[in-house]
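Visitor: please find the sequence and the predicted model below.
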Amino acid sequence: MTDWSQLHHAYGTAEDIPSLLSAVSPAPKDSGWTALWSRLCHQGTVYSASYAALPALRDMARQWSPADRQMPLVLAGAIAASTDQPYGDQDPQVAYASEMSDLTQLTEEALRDPTLGDDPGTYVYLLAALLSFEGVDVWGEQLDGLNDDEYEVPCPACGTENFIAFGEYGFFSTADSMYMNETAAKRIPLQPANPSALEGLAQRLHSRALADGQTDVAHKLTYVFGKAQCAECDEVFSVAEAITTRWDA
């Protein structure tokens, strides 16, 4: 039996967590989810109560249908992926290995839900959660850049911050943070990867997105795993490598 009074979340002792967990519904707009996120994964930071909540989130996801279990899976994924652990360095892959295995299978089922075809954003969050449960470094936290249509990374040669845009504003690198305002900033077209040349995680994610009917996600992945040219010094670099270098703990 978990003694929640001995655990902490973002606002203090975690005695309120059991009631919040028992009251929340599958609805993404349920205010209970906001309360749980702010306590258990506040701006990406996790606490002792965060890991203790993983079994309950697993049980919740197990009880709900694949279409309804998105919220507990995404929250559990964010907790598992977090590297911001100021109150300890617990490894959920070790301490909660059984839960990670169960959550992986539950997420696999959710990703195959046909209703996700109309919601690529949630699909990306679930795919990131899957990587978190599998223990894949960096991408469990950073794959959601696909939903933002942008990554900000330093050039490996000169250190200049480059914005890698791959969405409604186009597909380019630029050093101008206000590129969305149609300024005259220098924009250099991105070099997407050839899908047939993708390997490892890149190939797996791209193939999976296509198999799941997420063609827009698959298309964006070719840019994330492609190359960009620095808008300052013209160095050509791997976008994915720049992402992992910046966020690899």
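Guide: Looks like it arrived, so ask away. Numbering: from 1, shown residues only.

Visitor: please save the CA atoms from stretch 142-150 in PDB.
Guide: Provided in PDB are the C-alpha atoms of stretch 142-150 (Å, rounded to 0.1, in the frame of the first residue of the first chain):
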ATOM      1  CA  GLN A 142      11.400  15.400 -28.000                       C
ATOM      2  CA  LEU A 143       9.300  13.600 -30.600                       C
ATOM      3  CA  ASP A 144       6.500  16.100 -29.900                       C
ATOM      4  CA  GLY A 145       8.500  18.600 -31.900                       C
ATOM      5  CA  LEU A 146       6.600  17.000 -34.800                       C
ATOM      6  CA  ASN A 147       3.400  18.700 -33.500                       C
ATOM      7  CA  ASP A 148       5.100  22.000 -33.100                       C
ATOM      8  CA  ASP A 149       6.400  21.900 -36.700                       C
ATOM      9  CA  GLU A 150       9.800  23.100 -35.400                       C
END
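
Visitor: can you give me the buried ones in stretch 154-171?
Guide: C155, N162, F163, I164, A165, F166, Y169, F171 (16 or more other Cβ atoms under 10 Å). Bear in mind the C-beta positions are built from the backbone N, C-alpha and C, glycine included.

Visitor: start to end distance for that stretch?
Guide: One end of stretch 154-171 to the other measures 17 Å (Cα to Cα, to the nearest Å).

Visitor: what does stretch 217-234 give?
Guide: With Cα to Cα, one end of stretch 217-234 sits 27 Å from the other.

Visitor: got the domain boundaries for this protein?
Guide: Using automatic domain parsing, the domain parsing of the chain gives 4-142, 150-247.

Visitor: between the buried residues of stretch 154-171, which is nearest D212?
Guide: Nearest to D212 among these: F166, at 19.5 Å, using Cβ to Cβ.

Visitor: circling back: got a markdown table for the domains of the chain, with mean pLDDT too?
Guide: Output for the domains of the chain, formatted as a markdown table (pLDDT from 0 to 100):
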| stretch | mean pLDDT |
| --- | --- |
| domain 4-142 | 94 |
| domain 150-247 | 95 |
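
Visitor: who are the contact partners of G135?
Guide: Q93, M100 (Cβ atoms under 8 Å, 6 or more residues apart in numbering).

Visitor: can you report phi and psi for it?
Guide: Backbone dihedrals for G135, given as degrees, to the nearest 10, come out at phi 80, psi 20.

Visitor: scan this protein for its longest strand.
Guide: Secondary structure of the chain read by DSSP state E shows that its longest strand is strand 161-167.

Visitor: just checking: what are the partner strands of that strand?
Guide: Sheet pairing here is set by DSSP bridges, and for strand 161-167 it gives strand 150-154 (antiparallel), strand 170-174 (antiparallel).

Visitor: give the next helix or strand downstream of the last one.
Guide: The one in question is strand 170-174. Going down the chain from strand 170-174, the next helix or strand is strand 188-189, by DSSP states H and E.

Visitor: residues near T107, how many?
Guide: 27 (other Cβ atoms under 10 Å).

Visitor: name the residues that touch stretch 21-37?
Guide: Here stretch 21-37 makes contact (Cβ under 8 Å, 6+ apart) with 17, 20, 53, 56-57, 60, 64, 68-71, 75, 78.

Visitor: which stretch of helix or strand covers A61?
Guide: Short version, using DSSP H and E: A61 is in helix 54-63.

Visitor: circling back: off-centre distance for the longest strand of the chain?
Guide: 18 Å (Cα atoms, centre = their mean, to the nearest Å).
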